[in-house]
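*Asks:* Based on what follows, work out the 3D shape:
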Amino acid sequence: MLDDPTAPDRHARTPLDDVADHARRVDQMCDLLEALADDLPRRAAPVWREATRMCKAVIPMHYQNILTVVMPVLRRRCQGEVDCENTLRRLQTDFEEEACRLSELNELLEEAMETGGSTIDPEALGFALRGFFGALRRITSWETDVLLPLADRHLNAEDLNEIACNLLRLDRNHAT
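*Replies:* Predicted structure coming up:
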């Protein structure tokens, strides 16, 4: 059987690998958030600042990469495939719910950072952190175990090029 010239080379690095790498970094950030939750309120200011930075910049960027770059291309490619469409709809709903939790968590982290944690109930912040990073770990796991393999099966070289260009554009926008 002849190879499909539009199929991606399975040995070459693709933008999906970059998305998977970012998902792994998000999981590592969850470890930092967990350590912060475990050691409230004793953590030093740099940890608060790093947690706040992650929650305000890194994690939302990951959400944006999935929701505005990968999913639209995959949705277009899988149009009419009910299982694929349901999977994408579920992941989008999960990301949107987590974005709402993240917004609430950002407010708590900012207040904690500004006051050195003195005005925040450590148990309330710990509960918010655990709820957030627990759900985020499940989403990134689902993303790497379900979404990215689905994308790998369905997307062709043109789709991957479109994703790569859009990820690069978003990275440039975040850098400025």
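*Asks:* show me the contacts for Thr68.
*Replies:* Shown in contact with Thr68 (Cβ atoms under 8 Å, 6 or more residues apart in numbering): Asn166, Leu170. To be clear about C-beta, it is placed using only N, CA and C from the backbone, and glycine gets the same treatment.
*Asks:* ugh, wrong one, I meant His154
*Replies:* By Cβ under 8 Å, 6+ apart, the contact set of His154 is Leu74, Arg77, Cys78, Cys84.
*Asks:* rerun that using 6 Å as the cut-off
*Replies:* Each residue near His154 by Cβ atoms under 6 Å, 6 or more residues apart in numbering is listed here: Arg77, Cys78.
*Asks:* By mean pLDDT, which helix or strand of this structure comes out lowest?
*Replies:* In the chain, the helix or strand scored least confidently by mean pLDDT, DSSP states H and E is helix 45-53, which has a mean of 73.
*Asks:* Need the residues that contact that helix.
*Replies:* Contacts of helix 45-53 with the rest of the structure, by Cβ under 6 Å, 6+ apart, involve Leu33, Leu36, Leu109, Ala112, Met113.
*Asks:* In it, which residues are buried?
*Replies:* Across helix 45-53, burial judged by 16 or more other Cβ atoms under 10 Å covers Val47, Trp48, Glu50, Ala51, Thr52.
*Asks:* In TSV: those, plus distance to Ala175.
*Replies:* Formatted as TSV, the entries for the buried residues of helix 45-53 read as follows, by distance: Cβ to Cβ, whole Å:
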residue	distance to Ala175
Val47	25
Trp48	24
Glu50	19
Ala51	22
Thr52	19
